[in-house]
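A.B. asks: no sequence on hand, only this structure:
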C-alpha cells in the first residue's frame, strides 16, 4: 500500500460497509507485532490470530494443544503492532466448551488483550454463547464447515457439506449463528456451490478458506501464503511469494488478488 495514502482503521462498521458495497474482505492470520505492521502496510482488512499458531508457530500436529494463555499472548503482540486492521482472535479448543461462564471470561481476556472480535467453531450448539457475548458487546465471528478443533471427531481433513444433509446442516447452522448475533462467519473447506448458497442466504459476510470465489471475503494462513510451512499443503492455498520481491509485496499481491476477485481460482476450490 502506498504510504502516502491515508488509511482509516478497519472496524466492524467498516466491514459492514464493505459487505454492503460488495467489496471483497481480506483476512489473513497474524501472530506477532512485526507481521501486524507488514499486514497494515499491505492493506489487510482483518488480522486473525488463529489457533493455527499451534501448528505454524509451536510445531504441533493439530491446533488442540493451544491454550487461552497462548491466544492472549499472541493477540496482545498483534494488537501492539496494529494501526489499521480489525483484530480477530480465535477462542482455542477447550476455552468455550466447559461452561458458558468460563467461555465468557476467556472472551473477555482476548478483548482485554486487544481483540476487536472473537471467533469460535460450531453451529447451532454454540448459538447460546454467541447470543450472550453479542448482548455483552463482544462481537462474534462463527466458523463452520471443516472445524480444525474437531479433527479427531471428523476423522481427518475432509470437505464438509458435500451431501445434501451436510449442505442443509451448514445452512441451518449459519442462519442460526446469524440469528444469535454473529457478525460474520468463516466457511472452511466447503464446496463452492454450497458456500455460494449459504452466502446468498445470509445478511452478514462469509469469509472463505477453501469455500470458493463467491464468499464475501477470503482468509489464508500467513505461512501458507508465504510458502514456508513445511507441513501438508491444502488445495485452497497459494504461494504468493512466487514472483514477489518481499514479504510485504507477497501479502499485497494476496490483498489485490482477493479485492479483484482473482483469488481463489477454480483450482483452489472444491
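C.D. replies: Cool, got the structure. This one's a predicted model, so the numbers in the text were calculated from it and none came from an experiment.

A.B. asks: every contact and neighbour count from this point should use C-alpha atoms.
C.D. replies: Fine.

A.B. asks: quick one: contacts of stretch 162-179?
C.D. replies: Under the criterion Cα atoms under 8 Å, 6 or more residues apart in numbering, residues 122-124, 127, 130, 142, 144-145, 160-161, 184-185, 190-191, 194, 198, 201-204 lie in contact with stretch 162-179.

A.B. asks: what helix or strand does residue 115 sit in?
C.D. replies: Counting by DSSP states H and E, no helix or strand carries residue 115.

A.B. asks: count the residues that sit near the nearest residue to residue 23 once chain neighbours are set aside.
C.D. replies: Closest residue to residue 23 in three dimensions, ignoring its sequence neighbours and counting by Cα to Cα, 6 or more residues apart in numbering: residue 259, at 6.9 Å. By the criterion of other Cα atoms under 10 Å, residue 259 has 16 neighbours.

A.B. asks: my read: residue 259 touches residue 25, true?
C.D. replies: Yes. Residue 259 is within contact range of residue 25, at 7.2 Å (criterion: Cα atoms under 8 Å).

A.B. asks: would you mind listing the buried residues in the helix or strand containing residue 133?
C.D. replies: If you go by DSSP H and E, residue 133 is part of helix 127-135. Residues of helix 127-135 classed as buried by neighbour count (16 or more other Cα atoms under 10 Å): 127, 129, 130, 131, 132, 133, 134.

A.B. asks: for the longest helix seen in the chain, what is the average pLDDT?
C.D. replies: The longest helix of the chain (DSSP state H) is helix 164-179. Rounded to a whole number, the mean pLDDT of helix 164-179 is 98.

A.B. asks: tell me which residues of it come out buried.
C.D. replies: Neighbour-count burial for helix 164-179 [16+ other Cα under 10 Å]: 167, 169, 170, 171, 173, 174, 175, 176, 177, 178.

A.B. asks: same check on stretch 93-104?
C.D. replies: 93, 94, 95, 96, 100, 103, 104.

A.B. asks: give the next helix or strand downstream of the helix holding residue 133.
C.D. replies: Assigned by DSSP H and E, the successor of helix 127-135 is strand 140-145.

A.B. asks: partners of that following strand in the sheet?
C.D. replies: Within its sheet, and counting by DSSP bridges, strand 140-145 is paired with strand 117-121 (parallel), strand 184-188 (parallel).

A.B. asks: which one of the ones you listed lies nearest to residue 239?
C.D. replies: Closest to residue 239 of these, according to Cα to Cα: strand 184-188, at 18.6 Å.

A.B. asks: report the angle between the closest one and helix 164-179.
C.D. replies: 160 degrees (axes from the mean of the first three to the mean of the last three Cα atoms, to 10 degrees).

A.B. asks: who's in contact with the residue nearest to residue 23?
C.D. replies: 23, 24, 25, 26.

A.B. asks: again, but for residue 87
C.D. replies: By Cα under 8 Å, 6+ apart, the residues touching residue 87 are 46, 47, 48, 49, 75, 78, 79, 114, 115, 116, 117.

A.B. asks: buried members of those into ChimeraX, please.
C.D. replies: Filtering those down to the buried ones (16+ other Cα under 10 Å) takes a single ChimeraX command:
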select :46,47,48,49,75,78,79,114,115,116,117
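
A.B. asks: reformat the contacts of residue 87 as JSON lines; add pLDDT.
C.D. replies: Formatted as JSON lines, those follow (pLDDT from 0 to 100):
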{"residue": "46", "pLDDT": "99"}
{"residue": "47", "pLDDT": "99"}
{"residue": "48", "pLDDT": "99"}
{"residue": "49", "pLDDT": "99"}
{"residue": "75", "pLDDT": "99"}
{"residue": "78", "pLDDT": "99"}
{"residue": "79", "pLDDT": "99"}
{"residue": "114", "pLDDT": "99"}
{"residue": "115", "pLDDT": "99"}
{"residue": "116", "pLDDT": "99"}
{"residue": "117", "pLDDT": "99"}
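
A.B. asks: which one of the contacts of residue 87 is nearest residue 210?
C.D. replies: residue 48 (16.3 Å).

A.B. asks: list phi and psi for the closest residue to the closest one other than its chain neighbours.
C.D. replies: Of all residues not flanking residue 48 in the chain, residue 29 sits nearest, at 4.3 Å (Cα to Cα, 6+ apart). Main-chain dihedrals, residue 29, degrees, to the nearest 10: phi -70, psi 150.
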